[in-house]
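Student: Structure, please.
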Amino acid sequence: MSTALFAIYVQQNIVHLSKGKLITNSLTIAWEIGRRHDNVMRSLANLIKNGKISFLEFKKQNYTDEHSKPHRTIELSERGVLIAMPFTGEKNHDKGKCD
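Tutor: Next comes the predicted model:
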């Protein structure tokens, strides 16, 4: 990923660095592709269960929403996101591909 593109993603809070690795989470993925978070979580859970996403590529986390209600999210590495994108239901997941 180019430095300029990385800077844009960081500014838009799409990705961030954690221990030198690019990561994002299921909430951000849901927002960016226009899907409900529970549907993205279900897709990711199936990919994890079926071994498509390695245990090294994700981490389960909790967060609290604006109503103080606890929820789960999944943090994914860059590789985990690349594996998951075709399966999460994004209509335009191939936009960034070269022809």
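Student: just the helices in this structure please.
Tutor: 3-11, 26-33, 37-49, 78-84 (DSSP state H).
Student: Ser26 touches Met41, doesn't it?
Tutor: Yes. Counting by C-beta atoms under 8 Å, Met41 is a contact partner of Ser26 at 5.6 Å. For every residue, glycine as well, the C-beta is placed using N, CA and C.
Student: ok, back up a step: a markdown table for the helices of the chain, including mean pLDDT?
Tutor: As requested, the helices of the chain are exported to a markdown table (pLDDT from 0 to 100):
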| stretch | mean pLDDT |
| --- | --- |
| helix 3-11 | 45 |
| helix 26-33 | 87 |
| helix 37-49 | 92 |
| helix 78-84 | 84 |
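Student: now those as TSV including mean neighbour count and distance to Lys59?
Tutor: Compiled in TSV, those are given as follows (neighbours: other C-beta atoms under 10 Å; distance: least, C-beta to C-beta, whole Å):
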stretch	mean neighbour count	distance to Lys59
helix 3-11	11	19
helix 26-33	20	11
helix 37-49	17	11
helix 78-84	18	10
